[in-house]
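[1] can you look at this prediction? I've put the sequence above it.
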Amino acid sequence: MEPRILSPDQFLLTTLVFKLAVMALLATMLVRFRRFRHILIFERRDFQDRLILSLSLGVPLTFGIASRILLHYYAADLTLEGAFLVGLVAGPYSGAIVGGLTSVPALIAGEWGALPFAVGCGFAGGGLRELCPKEAIWYFSPFVFSALPRRIWQMARRLQVDWQIILVVAPIGLELIRQAVGARFPNRLFYLPAPSPTFFVLVLVATVLCVATPIKIWNNARIEHRLHEQENLLLAAKISALASQINPHFLFNTLTSISSLIRSQPETARMVVHRLSALLRRRLRDPNHFVTLREEIEAVQDYLDIETIRFGPQLRVRMEIDEATLDVQVPSMILQPLVENCIKHGLSRKVGGGTITICTRPSDEGAVVQVSDDGLGMSEDRLDTAFSDGIGLSNVNERLRVIYGARSSLKLSSTIGRGTTVQLEIPDGVAEERASA
């Protein structure tokens, strides 16, 4: 059986398809690197960023030109598209650098027209970038051909420049120049000769697609980054709203207690005001959404000092803190509502008062915190609705859900006459990422 050899039409069509695939693959690989994505996202780039972008695309394209010369792999020659693309995205000098790099193997092979043409493509892309609105560049995509007749009609009717049409015309013009120069001076400038007008049009379309496809891929990465950024901002706003919901709740309860003490126990009221001011000063001094467990326990102790003054010796506090948990990052004001619930619902109506126990221990992912009391306890019916009634527990549960998702949990158990225990499982290592939002 004789091996089948591709006809000139089939060879050209295969080359164009692989040419587009090579450019799409290269663009996809580059956008996976964080530094490259960072360079794409911000329009203002310093010299180092522009140089990195130029080398990131220019070096692999240069190897592609070398493979075309040495191995006759024509699909790897993306001189025009690479130089024009980088100029369009990063500016004329970046495009010229890519053009200069990609022309080196061609110059060695005796293709003397490669250098001025490649550098000219880079400057053409950079010049168009200076004229064109930046967002119009990122709207450029392979699907522009589907709306091309409508855009041409609207541009002619309104007598306004449609930059999408200009972005299509520019690489087509450069390809026409390459075709003309390459045909006029054989072996001085590489081009893909077309055997028929139909395939000539396909060559022009492939040139446009090799520019539009990377822009589409990179713009998707930019949009994804912006959505992630907006999600983080929304998350931070939600956490702030939940935190601000707790602060007034605690403040109003404390002020109510102070008002009841002013007439009967003015000195005690003065001490409560002093403790309250110290606690608020701590909160205002540290606006972060996350603190160490050590700082959170110190804040809870300030709160308990206030409550101890109110209730006197009837309120007892026991701390069982594992030193290994003190540096774990936790959401700010996450324990105080739990302690407040113990006092308000568990101990305030119990004859003879009671004890609040705060216990911490390390876990595989972070820390486990237990806040328990030996108060009146809750019935099964109240236990079922504990997370929906009131502010304290529901707020803490919602904050944990928003910040950590399924990695954290809030468990509530209670026995009538024996007390209530709330257990939090808080993973470490998530807080800093959320705080940076």
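    That came through fine. Numbers count the residues shown, from 1 in each chain.
[2] residue contacts, the closest residue to Gln164 other than its chain neighbours?
    Of all residues not flanking Gln164 in the chain, Val144 sits nearest, at 5.4 Å (Cβ to Cβ, 6 or more residues apart in numbering). In short, each C-beta sits where N, CA and C put it, glycine included. Val144 is in contact with 151, 164, 167-168, 208, 212, counting by Cβ atoms under 8 Å, 6 or more residues apart in numbering.
[3] ok, which stretches of the stretch 101-250 of the chain are helices?
    114-131, 134-139, 148-158, 163-184, 197-264 (DSSP state H, counting those that start in this stretch).
[4] dump these to TSV, plus mean neighbour count.
    Output for these, formatted as TSV (neighbours: other Cβ atoms under 10 Å):
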stretch	mean neighbour count
helix 114-131	21
helix 134-139	14
helix 148-158	12
helix 163-184	17
helix 197-264	16
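[5] quick check: phi and psi on Tyr73?
    phi -90, psi 90 (degrees, to the nearest 10).
[6] that one contacts Ser67, doesn't it?
    Yes. Assessed by Cβ atoms under 8 Å, Tyr73 is found in contact with Ser67 at 4.7 Å.
[7] tell me the domain ranges of the chain?
    What automatic domain parsing lists as the domains of the chain is 8-229, 265-435.
[8] low-confidence ranges, the stretch 301-437 of the chain, go.
    Per-residue confidence of the stretch 301-437 of the chain (counting by pLDDT under 70) places the weak regions at 310, 351, 388-392, 429-437.
[9] what ranges do the helices span in it?
    Using DSSP H, counting those that start in this stretch, helices in the stretch 301-437 of the chain cover 336-341, 380-384, 392-404, 431-435.
[10] quick one: the longest one to chain centroid distance?
    What it means is helix 392-404. 23 Å (Cα atoms, centre = their mean, to the nearest Å).
[11] leaving out sequence neighbours, find the closest residue to Val300.
    Leu335 (5.0 Å).
[12] for that neighbour, what are its contacts?
    If a contact means Cβ under 8 Å, 6+ apart, then Leu335 has 296-297, 299-300, 358, 369, 371 as its contacts.
[13] same check, this time on Gly375
    Residues counted as contacts of Gly375 (Cβ under 8 Å, 6+ apart) are 342, 345-347, 350, 354, 419-420.
[14] restricted to strands, list these.
    354, 419-420 (DSSP state E).
[15] low-confidence regions, the stretch 101-250 of the chain specifically.
    In the stretch 101-250 of the chain (pLDDT under 70), the answer is 230-250.
[16] and the closest residue to Ala212 other than its chain neighbours, how many neighbours?
    Ranked by Cβ to Cβ, 6+ apart and with sequence neighbours excluded, the top spatial neighbour of Ala212 is Pro142, at 4.7 Å. Pro142 is flanked by 18 other residues according to other Cβ atoms under 10 Å.
[17] surely Pro142 meets Ala206?
    No. Applying Cβ under 8 Å as the test, Pro142 and Ala206 come out as separate, 10.7 Å apart.
[18] buried members of the contacts of Gly375 into PyMOL, please.
    Applying 16 or more other Cβ atoms under 10 Å to the contacts of Gly375, the buried members can be selected in PyMOL as follows:
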select buried, resi 342+345+346+347+350+354+419+420
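[19] can I get the contacts of Gly375 in a markdown table including distance to Met271?
    Output for the contacts of Gly375, formatted as a markdown table (distance: Cβ to Cβ, whole Å):
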| residue | distance to Met271 |
| --- | --- |
| Cys342 | 22 |
| His345 | 25 |
| Gly346 | 24 |
| Leu347 | 20 |
| Lys350 | 24 |
| Gly354 | 22 |
| Gly419 | 28 |
| Thr420 | 28 |
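[20] quick check, nearest of the contacts of Gly375 to Arg316?
    Distance to Arg316 across the contacts of Gly375 (Cβ to Cβ) is lowest for Gly354, with 7.1 Å.
[21] next up, the contacts around that closest one.
    Contact analysis of Gly354 by Cβ under 8 Å, 6+ apart lists 314-316, 346-347, 373-375, 419.
[22] distance of the closest residue in space to Val328 that isn't next to it in sequence from Val396?
    Setting aside the residues directly before and after it, Val328 is nearest to Ala367 in space (Cβ to Cβ, 6+ apart), at 4.4 Å. To Val396, Ala367 is 15 Å away according to Cβ to Cβ, to the nearest Å.
[23] do Leu55 as well
    Using Cβ to Cβ, Leu55 is found at 51 Å from Val396.
[24] of the two, who's got more company?
    A count of neighbours by other Cβ under 10 Å puts Val396 above the other of Leu55 and Val396, at 24 against 15.
[25] grab the most central residue of this structure for me.
    Note on the chain: the residue nearest the mean C-alpha position is His228, at 3.8 Å, using Cα atoms, centre = their mean.
[26] what's the offset of stretch 175-195 from the middle of its chain?
    Counting by Cα atoms, centre = their mean, stretch 175-195 comes out at 45 Å from the chain centroid.
[27] what does it contact?
    Under Cβ under 8 Å, 6+ apart, the answer for stretch 175-195 is 8-9, 12, 15-16, 68, 74, 77, 79-80, 106, 110-114, 117, 200, 202-204, 207.
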